[in-house]
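Undergrad: From the sequence below, what's the structure:
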Amino acid sequence: MATIKYWAQIFLLPIYWFSFIIPKNKKIWVCGSSFGKRFADNPKYLYLYLNQYQKSNIRTIWISSEPKIIQFLKENGYEAYLNGSFKGIFYCLRAKVYIFDNYSKDISFWLSGGAIKINLWHGVGNKKINYDNKFDAVRHPKNIWEKFKTYLRRLSDEKPSHYILATSPIMGDIFAGAFQVPRNHIIEAGYPRNDMLVSQEIQNLYTEQEKKCVQQLKKFKDMGKTILFYMPTFRDSETQFFEVMDLERWNNFLERNHFVFCPKLHPKSKLQEKFNNINTGKNKSNIFLIPAQIDSYGVLQYADLLITDYSSIYSDFLMLNRPSVLFPYDYETYLTDTREEYFSYDEYMPEPKAKNMEELMEYIKRVCGQDTYQSEREKVRTWMFTYTDGKSSERIYEKIQELL
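TA: Next up is the predicted model:
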């Protein structure tokens, strides 16, 4: 069924060509995220900023395939439409600006002809991406068959005409190659999602699930707990986590030291089911699973320490200048089967790296007792981010106005 649906898209090509002749309105901007499935990440926070601060200048509309997202935004006074609805199709055809974090299909590729495409992307880190990622079968097909079956994906993915958001000159150079766009199509402005970490200017929107999560995290704070976020990279070898961890011993360690361990996994993570089945009673009382659907940037500020591995969340956490401990228990497998790196792992992530649970416990206690990595973190932050002032959304708005 999925194969039929994929190839049926070929019949949408005439609609795509037709969309180029529809007159565009420079004051209509459409936003979307995660293939239309989520209200999250950089497009979310730029959308909130534009509606809260630039509403008199432009009309910013969220487009999604999820009715719950549309209902949530409308209930909170924001304009949003389903991508298949009459109004959704109309505004996708009329919008001069498309803002997304994967590809224009986050909104509607087939209706996007003639629009300015702004890709805010969804991570600035050490993992090689897109054309730089040799494991990417879509951009690096191994034979004619792979090239044929991924044709429609390449057609609707990034284009040299797109504008790509980067956070520093170093990342701008990298992204120009990874997305195969001219260097002058790189917008260096910082990430809107990080505006939430360093500034209170944008008023966030929380779902009921997110409100409950924030309430629980605040409760842990009031109890004097140290909150440890665990946010691993999504990959096949992440299943080794439960091979290297003894959850009974781990929970006892957490309890003795007044820690709370908060896993926040990728929505497609293979660890999700096992964590869902963990008994949250007495035996696992210091493990609190943050639902995968929750937007990370509405809760990340409650973390006292971050545990991750290769994830770009490490870069964003640098904004808070709080300690991290790395847990690369599958490092060799990861490099061989999943991703290569832009920088030396030790250079990009200078903080302690644990290969097993014993080292993880030791390093957590050490950095919570005395954080000696602050100067190295600040050095890495200057590579990754030119701006740390919470005004990235404003800069992006001004740049788009220049492009118009």
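
Undergrad: Gln245: how many residues sit nearby?
TA: Actually, residue 245 is Met. It isn't Gln. By other C-beta atoms under 10 Å, 15 other residues sit near Met245. Placement of C-beta: from N, CA and C, glycine included.

Undergrad: tell me the contacts of it?
TA: Counting by C-beta atoms under 8 Å, 6 or more residues apart in numbering, Met245 touches Met357.

Undergrad: can you give me the helices for the stretch 101-250 of the chain?
TA: Assigned by DSSP state H, counting those that start in this stretch, the helices in the stretch 101-250 of the chain fall at 144-149, 151-156, 169-178, 192-198, 208-222, 241-244, 247-256.

Undergrad: Looking at the ones you listed, which is nearest to Ser112?
TA: Evaluated with C-beta to C-beta, the helices of the stretch 101-250 of the chain place helix 151-156 nearest to Ser112, the distance being 9.2 Å.

Undergrad: Next, the buried residues of that closest one.
TA: 152, 156 (16 or more other C-beta atoms under 10 Å).

Undergrad: what sits up against that helix?
TA: In contact with helix 151-156 (C-beta under 8 Å, 6+ apart) are residues 6-7, 9-10, 103-105, 109-110, 138-139.

Undergrad: how does it look with 7 Å?
TA: 6, 9-10, 103, 105, 109, 138 (C-beta atoms under 7 Å, 6 or more residues apart in numbering).

Undergrad: out of those, which are buried?
TA: The neighbour count (16+ other C-beta under 10 Å) marks 9, 103, 105, 109, 138 as buried among those.

Undergrad: Let me know the pLDDT of the closest residue to the fourth one other than its chain neighbours.
TA: So the one you mean is Phe109. Among residues not flanking Phe109 along the chain, Ser156 sits closest, at 4.2 Å (C-beta to C-beta, 6 or more residues apart in numbering). Looking at Ser156, its pLDDT is 80.

Undergrad: now Ser156: how far from Leu12?
TA: Between Ser156 and Leu12 the distance is 9 Å, computed by C-beta to C-beta, to the nearest Å.

Undergrad: Quickly list what's touching both of those two.
TA: Counting by C-beta under 7 Å, 6+ apart, nothing touches both Ser156 and Leu12.

Undergrad: Give me the buried positions along stretch 169-178.
TA: Going by neighbour count (16+ other C-beta under 10 Å), the buried part of stretch 169-178 is 170-172, 174-176, 178.

Undergrad: repeat for stretch 105-119
TA: Of all the residues in stretch 105-119, those buried under the rule 16+ other C-beta under 10 Å are 105-113, 115-119.

Undergrad: how about those in JSON lines, adding pLDDT?
TA: Compiled in JSON lines, those are given as follows (pLDDT from 0 to 100):
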{"residue": "Lys105", "pLDDT": "92"}
{"residue": "Asp106", "pLDDT": "95"}
{"residue": "Ile107", "pLDDT": "97"}
{"residue": "Ser108", "pLDDT": "95"}
{"residue": "Phe109", "pLDDT": "93"}
{"residue": "Trp110", "pLDDT": "94"}
{"residue": "Leu111", "pLDDT": "96"}
{"residue": "Ser112", "pLDDT": "95"}
{"residue": "Gly113", "pLDDT": "94"}
{"residue": "Ala115", "pLDDT": "97"}
{"residue": "Ile116", "pLDDT": "97"}
{"residue": "Lys117", "pLDDT": "97"}
{"residue": "Ile118", "pLDDT": "97"}
{"residue": "Asn119", "pLDDT": "97"}
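
Undergrad: Now flag whichever of these is closest to Lys225.
TA: Distance to Lys225 across these (C-beta to C-beta) is lowest for Asp106, with 36.9 Å.

Undergrad: who are the neighbours in contact with the closest one?
TA: Taking C-beta under 7 Å, 6+ apart, we find Asp106 in contact with 32-36, 100.

Undergrad: Look at Asn279 and report its pLDDT.
TA: 53.

Undergrad: mind listing what's buried in the one helix or strand in the chain whose mean pLDDT sits lowest?
TA: Confidence across the helices and strands of the chain bottoms out at helix 331-337, with a mean of 74, counting by mean pLDDT, DSSP states H and E. By 16+ other C-beta under 10 Å, the buried positions in helix 331-337 come out as 331, 334.

Undergrad: Dump it to CSV, keeping only the CA atoms.
TA: C-alpha atoms of helix 331-337 as CSV (Å, rounded to 0.1, in the frame of the first residue of the first chain):
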residue,chain,number,x,y,z
TYR,A,331,30.4,4.4,19.1
GLU,A,332,32.3,2.0,16.7
THR,A,333,29.0,0.5,15.4
TYR,A,334,27.6,4.0,15.0
LEU,A,335,30.5,5.2,12.9
THR,A,336,30.5,2.1,10.7
ASP,A,337,26.8,1.7,10.0
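
Undergrad: which element follows that helix toward the C-terminus?
TA: helix 345-348 (DSSP states H and E).

Undergrad: And the closest residue to Ala176 other than its chain neighbours, how close does it get to Ile396?
TA: The shortest distance from Ala176 to any residue other than its chain neighbours is 4.8 Å, reached at Arg183 (C-beta to C-beta, 6+ apart). Distance of Arg183 to Ile396, computed by C-beta to C-beta: 18 Å.

Undergrad: With neighbour numbers in mind, choose between the two.
TA: Neighbour count, other C-beta under 10 Å: between Arg183 and Ile396, Ile396 has more, with 24 against 10.

Undergrad: count of residues packed around the nearest residue to Thr386 once chain neighbours are set aside?
TA: Closest residue to Thr386 apart from its sequence neighbours, by C-beta to C-beta, 6+ apart: Ser168 at 4.7 Å. Using other C-beta under 10 Å, the number of residues around Ser168 comes to 18.

Undergrad: CSV please, covering the buried ones among the contacts of helix 151-156 and showing distance to Asp309.
TA: Shown next, in CSV, are the buried ones among the contacts of helix 151-156 (distance: C-beta to C-beta, whole Å):
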residue, distance to Asp309
Gln9, 35
Tyr103, 26
Lys105, 29
Phe109, 32
Val138, 24
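
Undergrad: thinking again about what came up before, just checking, the residue nearest to Ala176 touches Ile174?
TA: No: under the criterion of C-beta atoms under 7 Å, Arg183 makes no contact with Ile174, lying 11.0 Å away.
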